[in-house]
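Visitor: return a 3D structure for these sequence lines:
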Amino acid sequence: MITLRPYQQEAIDEARLAYRRGQRAVLFQLPTGAGKTVTASTVVHGAASKGTGTWWLTHRRELAEQASQTFHELGIPHGTVRSGYVSDPTALVQVASIQTIVRRMRDLPPPSLMVFDECHHIGAGQWDALYQAFPGARILGLTATPWRLDGQGLGKWFGHMVRGPGVAELIGQGSLSPYRLFAPAIPDLSGVKTAAGDYQRGALAQAMNKPAIVGDAIGHYRRLCLGKRAVAFAAGVENSKAVAAQFNDAGIPAEHVDGTMDSGDRDAAVARFRRGETLILCNADLFGEGFDVPAIEAAILLRPTKSLSLYLQQAGRALRPAPGKAEALILDHAGNSLIHGLPDDDREWSLEDREKVRRADATTVAARQCEECFFVYRPAKACPNCGHAPVVKAREIEVVEGSLEEVRRVEQAKRQRWMEERDCDTLADWQALAAQRGYKPGWAMVRWQARQRRAA
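Guide: Sure thing, here's the model as predicted:
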């Protein structure tokens, strides 16, 4: 048996109380590395001991395999549902991928409890279909980041959220590793369009595949974490292959893996990485969720994203503690930390829709980048990593459209304007920004047309 941490037992107790009070669906919000699988597995163990049929549902094979391994360690008898067969159709507990169970659910007794791993995906068609298919079943959702990219809250599916400790608290108690984060390069994404709320993959991969960016990644790996095992999150499959090739050319053993590979080949590559034969494991959106290798010492972020969830999942891969691991290193070549904040910033998660939650509640502390060593830190008089104190430049008054703006540092203002304009995709976005700044309406049309010409 596994001894639960106090916050894990408290989460289970709160969930049971919510069910007793009539809630059908409860969500566990626990940061990456806080032990969501172990915590929820304890719930499954208790349910199975009472004869409750349970389905553990994931959206990837790797996550299903990790859940199955945890069940073996806890002594929970279970079956696995895979394409073409069910290993033990009589087992009370079944582990399956969403895609497979949708096709096979008529072959199994209906569940009384369904556990949705990484449940921030629950709005997707097959997820929602399963949720609706068994209205009498209780639901347990697991996620570190209960946000959907489209801004829709998870309150449509879950009536109660159990909030776990924050990342900073887990680092303080030794449950996660302390870290240092560097943002050596800030990519130019001005011509990259968005789709479904995030950057389009094709254009994003092209923007991030430039020699200067890949070379910068290799150079900073050598300087900051040479010899350490690192997972690199690329902007696409071809970008990931190119990054792995250039690391190998530089004499640093690297491999690329993606979801189209033969599962045996992919598992072998991961095994070599676990053993330390491969130092860099490059992927594109494959290991952002659920990839549990505590020996990962560094995360290399080469995939800019508007998704706070994706950023935190990727950065969190390096935060799991391991023997001999003093700290984690995060090399944020995507500049995500300068938009979303640091991994251990305080965040107030909610089941409400995003527009109902104030932006300041999501990320309450800004991030600053040292101009000397590229270390990212919360605002302070000097860089905690190298001690460099930024020179306070002379303040200037900027006059725009005949109105006097507040005195502010020119460089900070430029960065803020660039970030605001980068996120404008439609004419309505530009018009809203013009109104916010007090500009004339014609300014929005001119800027939108210019963006359209560049994208054409």
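
Visitor: now the helices for the stretch 351-456 of the chain?
Guide: Defined through DSSP state H, counting those that start in this stretch, the helices belonging to the stretch 351-456 of the chain, from first to last, are 359-362, 410-422, 427-437, 441-455.

Visitor: elements contacting the last one?
Guide: It refers to helix 441-455. helix 427-437 (3 or more CB pairs under 8 Å, 6 or more residues apart in numbering; DSSP states H and E). From N, CA and C alone the C-beta is placed, and that goes for glycine too.

Visitor: check which residues of the helix it packs on are buried.
Guide: By 16 or more other CB atoms under 10 Å, the buried positions in helix 427-437 come out as 429-431, 433-434.

Visitor: run through who's touching that helix.
Guide: The list of residues contacting helix 427-437 from outside it, by CB atoms under 8 Å, 6 or more residues apart in numbering, reads 400, 420-421, 423-424, 440-441, 443-445, 447-448.

Visitor: go with 6 Å
Guide: Residues outside helix 427-437 that contact it (CB atoms under 6 Å, 6 or more residues apart in numbering) are 420, 424, 443-444, 447-448.

Visitor: what's the answer for stretch 331-343, then?
Guide: Residues outside stretch 331-343 that contact it (CB under 6 Å, 6+ apart) are 167, 181-183, 185-186, 217, 220, 300-304, 308, 311, 315, 363, 367, 376.

Visitor: per-domain residue ranges of the chain.
Guide: 6-165, 172-377, 399-455 (automatic domain parsing).

Visitor: let's have the ones you listed in a markdown table, adding distance to V391 and mean pLDDT.
Guide: Below are the domains of the chain laid out as a markdown table (distance: least, CB to CB, whole Å; pLDDT from 0 to 100):
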| stretch | distance to V391 | mean pLDDT |
| --- | --- | --- |
| domain 6-165 | 36 | 90 |
| domain 172-377 | 9 | 84 |
| domain 399-455 | 10 | 65 |
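
Visitor: mind putting those into a markdown table with distance to H388?
Guide: Converted to a markdown table, the domains of the chain look like this (distance: least, CB to CB, whole Å):
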| stretch | distance to H388 |
| --- | --- |
| domain 6-165 | 30 |
| domain 172-377 | 4 |
| domain 399-455 | 15 |
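
Visitor: right, so of these, which gets closest to C386?
Guide: Nearest of the domains of the chain to C386, taken as CB to CB: domain 172-377 at 4.3 Å.

Visitor: about what we covered before: generate a ChimeraX selection restricted to the buried subset of the contacts of helix 427-437.
Guide: If you want just the buried ones from those in ChimeraX, going by 16+ other CB under 10 Å, the selection is:
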select :424,444,447,448
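
Visitor: still on that earlier bit, so for N385, which of the domains of the chain sits nearest?
Guide: Nearest of the domains of the chain to N385, taken as CB to CB: domain 172-377 at 3.7 Å.

Visitor: now the closest one, how far from the chain's geometric center?
Guide: 9 Å (CA atoms, centre = their mean, to the nearest Å).

Visitor: can you check the distance spanned by it, start to finish?
Guide: Taking CA to CA, to the nearest Å, the span from the opening residue of domain 172-377 to its closing residue is 17 Å.

Visitor: let me know the closest of the contacts of helix 427-437 to Q99.
Guide: Sorting the contacts of helix 427-437 by distance to Q99 puts C424 at the head of the list, at 35.9 Å, by CB to CB.

Visitor: pLDDT score assigned to R395?
Guide: At R395, the model reports a pLDDT of 40.

Visitor: shift numbering so it begins at 114
Guide: New numbering, starting at 114: the last item is R508.

Visitor: what does stretch 277-292 rub up against?
Guide: For stretch 277-292, contacts defined as CB under 6 Å, 6+ apart pick out 120, 142-144, 146-147, 432, 434, 438, 440-441, 443, 456-457, 459.

Visitor: from these, keep the buried residues only.
Guide: Listed as buried from the contacts of stretch 277-292 are 120, 142-144, 146-147, 432, 434, 438, 441, 443, 456-457; burial here means 16+ other CB under 10 Å.

Visitor: go through the contacts of stretch 277-292 and flag which are in helices.
Guide: Filtering the contacts of stretch 277-292 for membership in helices, criterion DSSP state H, returns Y120.

Visitor: let me know the closest of the contacts of stretch 277-292 to Q245.
Guide: Within the set of those, Q142 lies nearest Q245; the separation is 22.8 Å, counting by CB to CB.

Visitor: what about the closest one, distance to G279?
Guide: Separation of Q142 from G279 (CB to CB, to the nearest Å): 10 Å.

Visitor: cool, P248 as well?
Guide: In terms of CB to CB, P248 sits 34 Å off from G279.

Visitor: comparing the two, which residue is more hemmed in?
Guide: When P248 and G279 are compared for neighbours, G279 comes out ahead with 17 against 7, by other CB atoms under 10 Å.

Visitor: what's the pLDDT at that one?
Guide: Turning to G279, the model gives it a pLDDT of 93.

Visitor: for the closest residue to F229 other than its chain neighbours, list the residues it contacts.
Guide: In this structure, F229 finds its nearest non-sequential neighbour in G254, 4.8 Å apart by CB to CB, 6 or more residues apart in numbering. Neighbour list for G254: 140, 229, 232, 271 [criterion: CB under 6 Å, 6+ apart].

Visitor: now, which of those lie within strands?
Guide: Within the contacts of G254, membership in strands is found for 140, 229, as judged by DSSP state E.

Visitor: I only care about the contacts of G254 that end up buried; give me the ChimeraX line for that.
Guide: Command for ChimeraX that selects the buried part of the contacts of G254, burial taken from 16+ other CB under 10 Å:
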select :140,229,232,271
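
Visitor: ok, the contacts of G254 vs S376, which is closest?
Guide: F229 (23.1 Å).

Visitor: distance check, I252 against R560.
Guide: I252 sits 45 Å away from R560, going by CB to CB.

Visitor: CA atoms only: put the helix or strand harbouring the residue nearest to F229 into PDB for me.
Guide: Counting by DSSP states H and E, the secondary-structure element that holds G254 is strand 251-256. C-alpha atoms of strand 251-256 as PDB (Å, rounded to 0.1, in the frame of the first residue of the first chain):
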ATOM      1  CA  ARG A 251     -20.500   9.200 -10.600                       C
ATOM      2  CA  ILE A 252     -17.700  11.200 -12.300                       C
ATOM      3  CA  LEU A 253     -14.200  12.000 -11.000                       C
ATOM      4  CA  GLY A 254     -12.100  14.300 -13.100                       C
ATOM      5  CA  LEU A 255      -8.300  14.800 -12.700                       C
ATOM      6  CA  THR A 256      -6.300  17.800 -14.000                       C
END
